[in-house]
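Participant: Show me how the following folds:
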Amino acid sequence: MEKTDAQKRAQAAYMEKFSIARARMLPEKYDKMKAHADSRGESVNAFINRAIDETMERDSVEREMDE
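Facilitator: Numbering: from 1, shown residues only. Just a heads-up that it's a prediction; the model follows:
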């Protein structure tokens with residue numbers, strides 16, 4: 001079923017809230033990452049965002065410990 005014009009506008013407005021980051025990796029690494037995300041019931045996008053959040057949190061704690 002095709003989206004209505006209102007649905008298309010709503011989706012476009014929703015997507016404008018986000019920035020897109022692209023990462024290049026070998027297909028084997030992507031497949032391994034996807035399998036890991038799948039095993040945790042996550043999308044690849046959710047896994048990447050969680051990995052970024054956890055790494056940034058860990059880095060900030062390490063920086064505080066060094067000060």
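Participant: can you map out the strands along this structure?
Facilitator: Read by DSSP state E, the chain holds no strands at all.
Participant: so how far is the top helix by length along the chain from its chain's centroid?
Facilitator: Ranked by residue count under DSSP state H, the longest helix found in the chain is helix 44-66. Taking C-alpha atoms, centre = their mean, to the nearest Å, one finds helix 44-66 lying 13 Å from the centre of the chain it belongs to.
Participant: now for it, which elements pack on it?
Facilitator: Packing partners of helix 44-66 (3 or more C-beta pairs under 8 Å, 6 or more residues apart in numbering; DSSP states H and E): helix 27-39. Where C-beta positions appear, they are placed from N, C-alpha and C, glycine not excepted.
Participant: Please list the residues outside the helix it packs on that contact it.
Facilitator: Contacts with helix 27-39, where a contact means C-beta atoms under 8 Å, 6 or more residues apart in numbering, come from 25, 43-44, 46-47.
Participant: For PyMOL, write a command that selects the buried ones of those.
Facilitator: Command for PyMOL that selects the buried part of the contacts of helix 27-39, burial taken from 16 or more other C-beta atoms under 10 Å:
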select buried, resi 47
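Participant: I'd like the contacts of helix 27-39 as TSV, with pLDDT appended.
Facilitator: Compiled in TSV, the contacts of helix 27-39 are given as follows (pLDDT from 0 to 100):
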residue	pLDDT
25	98
43	98
44	97
46	97
47	98
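Participant: what residues are up against residue 56?
Facilitator: Going by C-beta under 8 Å, 6+ apart, residue 56 touches no other residue.
Participant: Good, wrapping up.
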